[in-house]
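Chemist: return atomic coordinates for the entry below.
(2 chains)
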Amino acid sequence: MKWTRKLLAGPYLIWMAGFILIPLGLIFYYGLTDSSGAFTLENIMAITDPQRANSLWRALKLALISTVICLAAAYPLAMILKRIAKNRSSLIVFIFVLPMWMNFLLRTMAWQVLLDRNGVINNVLGFFHLPRLNIINTQTAIIFGMVYNFLPFMVLPLYNVLMKIGNDVVEAAYDLGATKVQTFFHVILPLSVPGIISGITMVFVPALTTFVISNLLGGGMILLIGNVIEQEFTFTSNWHLGSGLSLVLMVFILISMALIAKYDKEGEGGAF
Amino acid sequence: MKKFLERFYLVFIFIFLYAPIAALVILSFNESKYMSQWGGFSLKWYVDMFESSLIMSALRNTLLIAALSSVIATIIGTAACLAIHQMKPRSRAVIMGLTNIPMLNADIVTGISLMLCFIAFGISLGFQTVLIAHITFNIPYVILSVMPKVRQLEPSTYEAALDLGATPLYAFFKITFPDILPGILSGFLLAFTMSLDDFIITHFTKGAGINTLSTLIYSEVRKGIRPSLYALSSILFVSVLILLLIINRPKRNAEKNA
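Modeler: The predicted structure follows:
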């Protein structure tokens, strides 16, 4: 009986082998070979080309800035939510997490509408005779788009992990004479590290790999590593090069996955 | 004072999160074609939207793919959960690790790898490849929703049913299934929402002839935004909102009972 029941995993295992493992294997195969099928590291080393290296550097920089902004904005928000959500728990948290589930393109398009030269923000500014804002098609606009898109991904794991810190722990710190600041830095902050790590990964990885935000808010002029890879597949059709660059990108994803595994063994910082 | 600052901060973030959406919804009712001028209230972009065969066929594809992929993913995922639960801790850990790959990996890499796989095995890109891709990234969400419910199962009631002469299938539908149903439902709805929302993986696996709403919006936005897209966006937003309210309701009750 137990044996037959294990057979139920068959379709799943076949599916995941066929559509997760084999495709990932193919990326390695294409990334490490040239068009004649011979082994080469050329596609990986192609990242050292100044233009591509720049796009990777730019992506790292913008993703890092966005992650820092998200963390700085989300931590106080999660603390406030923890305090007021005791009674009316779900609804208020729901409000701040809801945009996470909204169509990613819509959210980005909405910022295009707001930031456009003739967009909503400039119309409001113009109405009050204030100087106009010209940030569409700049790196600033891309950071706006990233923070907006990924902020809820930071709020949710932080909130989840803060909710797990019992009041007794905090009160014990006060009883032992700790000030509010000391309690925060010695008790709350260390206990929330799993949430911080999980939030950082959930913001940093999609921000680093995006090509949509940079395309829509950067006017197609500011290339990130995601744009370079996307173009190798959709325009140039150089799969070997595209796969090689994807492998480089995966190194950064693996680093963040390793960080999660190290700090979040219990899965307590998870968002789902 | 502190309370005031907290309120102020909440409102500030709230406006940051919802102002762009509100702007889209308001502009969808704008009679004028230009977003810089308000031409009066009008539903013409909604009419325009429903008359556009491009938008309507993309909508049909989106709903069909979301429905099919979430149903298939729910069946495969639920069956897998029942089996994984019986396994030894080590193989369970390996399989859960496999499940995590598509969730942690960047969408662009998942999309590209699937595209390479389809082309390498001669599967022509189109509706079927998008469907396969969506099933693939949906299964992990189903497993993550169903697994906790399977863990809470009481094996003795199922065994009691067998002892009393029930066939395994009958015992499953009478005993096990009702217990894990909430997990199955929330997994299904989660998968449906994820499929509805996906752009990046669809972008790489769709081929030339077919569009979902996300890919249509992408190609249109690059050409220049038309207000009928605002109408479409508003409708999408409201539908996702309703769907999410449905998903969150049973969860909230379950938490109260626990």
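Chemist: neighbours of residue 92, how many?
Modeler: No chain specified, so I'll use chain A. 16 (other Cβ atoms under 10 Å in any protein chain shown). No exception for glycine: its C-beta is placed from N, CA and C like everyone else's.
Chemist: nope, chain B please
Modeler: Neighbours around B:Arg92, by other Cβ under 10 Å: 15.
Chemist: and for B:Gly126?
Modeler: 15.
Chemist: that one reaches B:Asn211, doesn't it?
Modeler: No - judged on Cβ atoms under 8 Å, B:Gly126 makes no contact with B:Asn211 at a distance of 11.2 Å.
Chemist: which residues of the chain score low on pLDDT?
Modeler: Since you didn't name a chain, this refers to chain A. A:1-4, A:85-90, A:101, A:259-261, A:263-272 (pLDDT under 70).
Chemist: other chain: chain B
Modeler: B:35-37, B:247-258.
Chemist: have a look at it and report its longest helix.
Modeler: Longest helix of chain B, by residue count under DSSP state H: helix B:53-86.
Chemist: I'd like to know which elements the next helix or strand after it is packed against.
Modeler: The element immediately downstream of helix B:53-86 (helix or strand, assigned by DSSP states H and E) is helix B:89-104. Using 3 or more Cβ pairs under 8 Å, 6 or more residues apart in numbering or on different chains; DSSP states H and E, the elements in contact with helix B:89-104 are helix A:10-16, helix A:239-263, helix B:53-86, helix B:127-151.
Chemist: what does helix B:89-104 contact?
Modeler: A:9, A:13, A:16, A:20-21, A:24, A:201, A:205, A:253, A:257, A:260, B:80, B:84-85, B:87, B:110, B:136-137, B:139-141, B:143-144 (Cβ atoms under 8 Å, 6 or more residues apart in numbering or on different chains).
Chemist: repeat that for 6 Å
Modeler: With contact meaning Cβ atoms under 6 Å, 6 or more residues apart in numbering or on different chains, helix B:89-104 is reached by A:Met16, A:Ile20, A:Met257, B:Ile84, B:Thr110, B:Phe137, B:Pro140, B:Ile143.
Chemist: which residue packs closest to the second one, ignoring adjacent ones?
Modeler: By the measure of Cβ to Cβ, 6 or more residues apart in numbering or on different chains, the closest residue to A:Ile20 outside its immediate chain neighbours is B:Ile101, 5.6 Å from it.
Chemist: ok, now which ones touch A:Leu224?
Modeler: If you count contacts by Cβ under 6 Å, 6+ apart, A:Leu224 has them with A:Ser55, A:Arg58, A:Ala59, A:Ser214.
Chemist: chain B contacts on the stretch 1-150 of chain A?
Modeler: By Cβ under 6 Å from any Cβ of the partner chain, the residues of the stretch 1-150 of chain A that approach chain B are A:2, A:5-6, A:8-9, A:11-12, A:16, A:19-20, A:22-24, A:26-27, A:77, A:80, A:90, A:99, A:101-106, A:109-111, A:113-114, A:118, A:120, A:123.
Chemist: ok, the helix or strand harbouring B:Pro20 near chain A or not?
Modeler: According to DSSP H and E, B:Pro20 maps onto helix B:2-28. Yes - using Cβ under 6 Å from any Cβ, helix B:2-28 comes into contact with chain A via B:Glu6, B:Ile13, B:Leu17, B:Pro20, B:Ile21, B:Ala23, B:Leu24.
Chemist: which among the residues of the stretch 1-150 of chain A next to chain B end up buried?
Modeler: A:5, A:8-9, A:11-12, A:16, A:19-20, A:22-24, A:26-27, A:77, A:80, A:99, A:101-106, A:109-111, A:113-114, A:120, A:123 (16 or more other Cβ atoms under 10 Å in any protein chain shown).
Chemist: burial check on residue 127, number of neighbours?
Modeler: Chain wasn't specified; assuming chain A. Other residues lying near A:Phe127 total 8 when counted by other Cβ under 10 Å.
Chemist: switch to chain B, that's the one I care about
Modeler: Residue neighbour count, defined by other Cβ under 10 Å, stands at 16 for B:Phe127.
Chemist: identify the residues contacting it.
Modeler: B:Ile210 are the contacts of B:Phe127 under Cβ under 6 Å, 6+ apart.
Chemist: rerun that using 10 Å as the cut-off
Modeler: B:Asn61, B:Leu64, B:Ile65, B:Leu68, B:Lys206, B:Gly207, B:Gly209, B:Ile210, B:Thr212 (Cβ atoms under 10 Å, 6 or more residues apart in numbering or on different chains).
Chemist: against B:Thr62, how distant is it?
Modeler: 11 Å (Cβ to Cβ, to the nearest Å).
Chemist: need the overlap of contacts for those two.
Modeler: With Cβ under 10 Å, 6+ apart, B:Phe127 and B:Thr62 have common neighbours B:Thr212.
Chemist: list the buried residues for the longest helix of chain B?
Modeler: So for helix B:53-86, counting by 16+ other Cβ under 10 Å, buried means B:55, B:58-59, B:61-63, B:65-66, B:69-70, B:72-86.
Chemist: anything in it near chain A?
Modeler: Yes - interface with chain A: helix B:53-86 contributes B:72-73, B:75-86 (Cβ under 10 Å from any Cβ of the partner chain).
Chemist: what residues are up against the residue nearest to B:Leu125 when sequence neighbours are not counted?
Modeler: Spatial nearest neighbour of B:Leu125, excluding adjacent residues (Cβ to Cβ, 6+ apart): B:Gly207 at 2.9 Å. Shown in contact with B:Gly207 (Cβ under 10 Å, 6+ apart): B:Met115, B:Phe118, B:Ile119, B:Ser124, B:Leu125, B:Gly126, B:Phe127, B:Gln128, B:Thr129, B:Val130.
Chemist: mind listing what the first one touches?
Modeler: With contact set as Cβ under 10 Å, 6+ apart, B:Met115 has these partners: A:23, A:26, A:233-234, A:239, A:242, B:125, B:129, B:133, B:201, B:203-207.
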